[in-house]
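Undergrad: Sequence plus the predicted model coming up.
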Amino acid sequence: MEVKHVGICPYCGDSVQPLVVVHNYVRRDACKCPNCEKMILVCRVPGCSDYAKGGDVYDEEMCPAHTASIVNGGGEVVKWGLMAAAAAVATAAASRDK
Ligand SMILES: [Zn+2]
Ligand SMILES: [Zn+2]
């Protein structure tokens, strides 16, 4: 079975090389941790090799470290991730003021 690159599993916290379960599942490969057998996906942050938690209903976009950096309000990562939402809010605010 095909395997992914080595990265940190968000569930067990170990450096693992996940098995590819489904290719391009909603644009990201669905993987399985060989350690804890949880569903995980590659972190969306460019250059990051760690993994995000996968779920039946909702898949995390980023690994725990990057998710935490956004919650803390810091980092370059926030910009591209929230740009669309911020633009929508700004547009709504502008039209409300007029
Ligand atoms: Zn794991
Ligand atoms: Zn990450």
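TA: That came through, no problem. Fair warning: this is a prediction, and the values are worked out from it, not measured in the lab. Numbering: from 1, shown residues only. Ligands and ions are numbered 1, 2, ... in the order given.

Undergrad: Tyr51 bridge partners, please.
TA: Val42 (DSSP bridges).

Undergrad: Tell me, how many residues neighbour it?
TA: Other residues within reach of Tyr51, judged by other C-beta atoms under 10 Å, total 27. Using the backbone N, CA and C atoms, a C-beta is placed for each residue, glycine as well.

Undergrad: Touching, it and Ile40? I think so.
TA: Yes: here Tyr51 reaches Ile40: they are 4.1 Å apart, a contact under C-beta atoms under 8 Å.

Undergrad: Show me what from the protein comes close to ligand 1.
TA: Within the chain, the positions adjacent to ligand 1 are Cys9, Tyr11, Cys12, Cys33, Asn35, Cys36 by C-beta under 5 Å from the ion.

Undergrad: same thing but at 8 Å, please
TA: Residues of the chain found near ligand 1 (C-beta under 8 Å from the ion) are 9-14, 16, 33-38, 40.

Undergrad: In TSV: these, plus neighbour count, pLDDT and secondary structure.
TA: TSV is the format used below for the residues of the chain next to ligand 1 (neighbours: other C-beta atoms under 10 Å; pLDDT from 0 to 100; DSSP: H, G, I helix; E, B strand; the rest coil):
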residue	neighbour count	pLDDT	secondary structure
Cys9	24	97	coil
Pro10	23	97	coil
Tyr11	18	97	coil
Cys12	15	97	coil
Gly13	11	97	coil
Asp14	11	97	coil
Val16	22	98	strand
Cys33	21	97	coil
Pro34	15	97	coil
Asn35	15	97	coil
Cys36	14	97	coil
Glu37	11	96	coil
Lys38	17	95	coil
Ile40	30	95	strand
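
Undergrad: No further queries at this time; thank you.
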